[in-house]
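Novice: Return atomic coordinates for the entry below.
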Amino acid sequence: MLVRLRQAIKFDAIDSQPVDIVFLLLLPASPAGEQLTALASVARKLRDPDSVRRLRRAADSAELYGVMVPKATA
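Specialist: Here you go, the predicted model:
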């Protein structure tokens with residue numbers, strides 16, 4: 001689940017910036033390899049400044065989804 005907060009909150013983040021995007025990833029307890037792969041994928045996306053900018057500007061849930069899960073190219 002991805003949530004954009006209306007008002008950023010202070011958080012002890014590594015970059016000292018307030019948090020305005022929250023991502024909740026719920027996965028089964030095993031196998032751990034799949035969990036780490038999913039978490040790494042989300043982390044890479046949220047480290048990309050362009051992706052974060054697009055998430056903040058998205059007008060609806062379809063745009064949010066499009067940023068996190070880009071269309072496959074043929």
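Novice: From here on, just use CA atoms for contacts and neighbour counts.
Specialist: Will do.
Novice: For the helix or strand containing V3, output the C-alpha coordinates as PDB.
Specialist: Assigned by DSSP states H and E, V3 belongs to strand 2-9. Output of strand 2-9 as PDB, limited to C-alpha atoms (Å, rounded to 0.1, in the frame of the first residue of the first chain):
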ATOM      1  CA  LEU A   2       1.300   3.400  -0.900                       C
ATOM      2  CA  VAL A   3       0.100   6.500   0.900                       C
ATOM      3  CA  ARG A   4       0.900  10.200   0.300                       C
ATOM      4  CA  LEU A   5       0.400  12.100   3.500                       C
ATOM      5  CA  ARG A   6      -1.300  15.500   3.300                       C
ATOM      6  CA  GLN A   7       1.200  16.900   5.700                       C
ATOM      7  CA  ALA A   8       4.700  15.500   6.100                       C
ATOM      8  CA  ILE A   9       5.700  14.200   9.500                       C
END
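Novice: What is the subsequent helix or strand relative to that strand?
Specialist: That would be, after strand 2-9 and using DSSP H and E, strand 19-23.
Novice: Span of stretch 11-30 from start to end?
Specialist: Stretch 11-30 has an end-to-end distance of 30 Å (C-alpha to C-alpha, to the nearest Å).
Novice: Quick one: distance of that stretch to the chain centre.
Specialist: In terms of C-alpha atoms, centre = their mean, to the nearest Å, the centre of stretch 11-30 is set 8 Å apart from its chain centre.
Novice: swap in stretch 55-63?
Specialist: Relative to the centre of its chain, stretch 55-63 is centred 12 Å away, using C-alpha atoms, centre = their mean.
Novice: average model confidence for that stretch?
Specialist: What stretch 55-63 shows for mean pLDDT is 93.
Novice: Any buried residues in it, and which?
Specialist: Along stretch 55-63, these residues count as buried under the neighbour rule (16 or more other C-alpha atoms under 10 Å): 55, 58.
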